[in-house]
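Student: below are the sequence and a predicted model; questions follow.
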Amino acid sequence: MLRGDVGGVREVPAEGGNVRELLDDLLARFPALRHQLVEDDDLAPFVNVYVEGEDVRTLDGLDTPVREGATVILLPAMAGGC
């Protein structure tokens, strides 16, 4: 769902010591992601973020540390249907 805004790639390297810094790096390089990930200068409620498989909402939220080489997954929830 986010691939169209990052040139069609599945993985995008980013830098930051925590999730907030990592998102800032991504949004600076791919501003089109903002409307899908951010709401009122915070993570949109329908976006799930996982650091090494752990939901950041159960950790320290946007202040969750991200070590170098860690896998961070951004997963906007999809809704719809009749």
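Tutor: Structure received.

Student: tell me which element the most centrally placed residue in the chain falls in.
Tutor: Nearest residue to the geometric centre of the chain (CA atoms, centre = their mean): Leu74, 3.9 Å. Using DSSP states H and E, Leu74 falls within strand 72-76.

Student: what about the longest helix along the chain, distance to the chain center?
Tutor: When the chain is parsed with DSSP state H, its longest helix is helix 19-29. Distance of helix 19-29 from its chain centroid, counting by CA atoms, centre = their mean, to the nearest Å, is 8 Å.

Student: what segments of the chain are strands?
Tutor: Under the criterion DSSP state E, the chain contains strands at 38-39, 42-43, 47-51, 54-55, 72-76.

Student: low-confidence ranges, the chain, go.
Tutor: Confidence mapping of the chain against pLDDT under 70 gives the ranges 78-82.

Student: return the most buried member of the strands of the chain.
Tutor: strand 47-51 (a mean of 18; mean count of other CB atoms under 10 Å). Yep, even glycine has a C-beta here, placed from its N, CA and C like the rest.
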